[in-house]
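Novice: Everything below, folded, please.
(chains A, B and C)
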Amino acid sequence: MECRSRNIINDPESGEIVCRGCGLVISESNISVGPEWRAFTQTERDTRARTGPPSSFLIYDKGLSTVIGPVYSDAYGRRIPQENKLQFFRLRKWNIRSRVHYSTDRNLSQAMSDLDILAGKLHLPFNVKENAAVIYRKALKKGLIRGRSILSMVAACLYAACRETQTPRTLVEIERCSPRDKKEISRDYRMLLKELNLRMPVQKAKYVLPKIASKVEVSEKIQRKAIEILGEAERLKITVGKDPMSMAAAALYLTCKMNKNSITQKDIAEAADVTEVTIRNRYKDLKKALNLDI
DNA sequence: TAAGATAAGAGGGACAT
DNA sequence: ATGTCAGTCTTATCTTA
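Specialist: Residues are numbered from 1 along each chain as shown, chains lettered A, B, ... in the order given. As a prediction, the model looks like this:
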């Protein structure tokens, strides 16, 4: 099988790399990430490893800080004399205190842990989480967090990261996993867009279609046909200003009906998280624009 | 029982005041 | 900053096939 469009996306649901155009799973990224050396004992592994954990925006100090550990021996394993022990105790104490010293650091360390929890609940891949962390840092630097809820800002950053990376997650889905409500999260999200001058790519209905299709019983053929219809709808400019999710839902419903797949509006509405009425309206638009008579 | 029709209300963008 | 307006989507209810 060969996919020409190469319009690939890292599917966060399955962890696969798939083509957004045709749904082909491309699993050929066989890069070996293991070491090129062999080691037979733990000591050998320790001495041969040349790297530590990666630096990450998800850790408040990017994981690069030096930590004075609670071991009372020096680099050669010799015990530290009694008279110096107190000195090390004080050093360690200030090492810990200085790490999370400023309020922004405390805020960030709290936020990163909240982000971790939220992204985990939503099964979001690492790159989205990292992206959200970068946005949060920018917001914090511009003083946009103060006076707002950390949890809401974290949710807003995560949503922004999803939009930026074209990872299909709706605001409602994020709201369900966050203790803050949709109104607040969306307000903060809009504020982020404005203050940080973020430009988001427009969500395409055909990218969210597989998400709906995976929740209802639809054949691969019908999915492809629905995507075709969406392309046509876009060309006819009847998608502008419409929720991509409802466009996709309506296209899927239309295709099912044309192919004698007796799926109900209710089922699709549930899978797409839109109402039946909205599906009906979009369905009507599609039928009219495409001159279809079913 | 699913699908269609209709109406009222919420919330946000554009624009004016 | 606040108000208005058109347009979208939701919720609710009734009718039709």
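Novice: Give me the distance from stretch A:164-179 to the chain's centre.
Specialist: 8 Å (Cα atoms, centre = their mean, to the nearest Å).
Novice: got the buried residues for that stretch?
Specialist: If you call a residue buried by 16 or more other Cβ atoms under 10 Å, then stretch A:164-179 has these buried ones: A:164-171, A:173-175, A:177-178. Bear in mind the C-beta positions are built from the backbone N, C-alpha and C, glycine included.
Novice: residues touching residue A:121, list them.
Specialist: Residues near residue A:121 by Cβ atoms under 8 Å, 6 or more residues apart in numbering: residue A:177.
Novice: Could you measure from it over to DNA strand B?
Specialist: According to Cβ to the nearest atom of the strand, to the nearest Å, residue A:121 stands 22 Å off from DNA strand B.
Novice: hmm, the helix or strand where residue A:206 lies in reach of DNA strand C?
Specialist: Here residue A:206 is covered by helix A:205-213, with elements defined by DSSP states H and E. No. Helix A:205-213 lies out of reach of DNA strand C by Cβ under 7 Å from any atom of the strand, never closer than 10.3 Å.
Novice: same deal with stretch A:217-237?
Specialist: No. Judged by Cβ under 7 Å from any atom of the strand, stretch A:217-237 and DNA strand C are separated, with a smallest distance of 11.1 Å.
Novice: Could you list the residues in contact with that stretch?
Specialist: A:21-23, A:204-206, A:209-210, A:213, A:239, A:247-248, A:251-252, A:254-256, A:258-259, A:261, A:263, A:285-286, A:289-290.
Novice: same question, stretch A:251-271
Specialist: Applying Cβ under 8 Å, 6+ apart, the set of residues contacting stretch A:251-271 is A:205, A:209, A:212-213, A:215-219, A:221-223, A:225-227, A:229-230, A:233, A:249, A:272, A:275-276, A:278-280, A:283, A:286-287, A:292, A:294.
Novice: I'd like the mean pLDDT over it, please.
Specialist: Average pLDDT, stretch A:251-271: 91.
Novice: Now the terminal residues of that stretch, how far apart.
Specialist: One end of stretch A:251-271 sits 14 Å from the other (Cα to Cα, to the nearest Å).
Novice: picking up where we left off before, now the helix holding residue A:206: buried residues?
Specialist: For helix A:205-213, by 16+ other Cβ under 10 Å, it's A:205, A:206, A:207, A:208, A:209, A:210, A:211, A:212, A:213.
Novice: what do you get for stretch A:271-285?
Specialist: Within stretch A:271-285, the residues scored as buried using 16+ other Cβ under 10 Å are A:271, A:272, A:273, A:274, A:276, A:278, A:279, A:282, A:283, A:285.
Novice: Please check the contacts of stretch A:217-237 and keep the buried ones.
Specialist: Buried members of these, scored by 16+ other Cβ under 10 Å, are A:21, A:23, A:204-206, A:209-210, A:213, A:239, A:247-248, A:251-252, A:254-256, A:263, A:285-286, A:289.
Novice: Please give the element, helix or strand, for the residue lying farthest from the centre of chain A.
Specialist: Distance to the chain centre peaks in chain A at residue A:83, reaching 52.0 Å (criterion: Cα atoms, centre = their mean). Using DSSP H and E, residue A:83 falls within helix A:82-99.
Novice: Residue A:256 sits in which helix or strand?
Specialist: helix A:244-258.
Novice: oh, I was asking about residue A:166
Specialist: Judged by DSSP H and E, residue A:166 forms part of no helix or strand.
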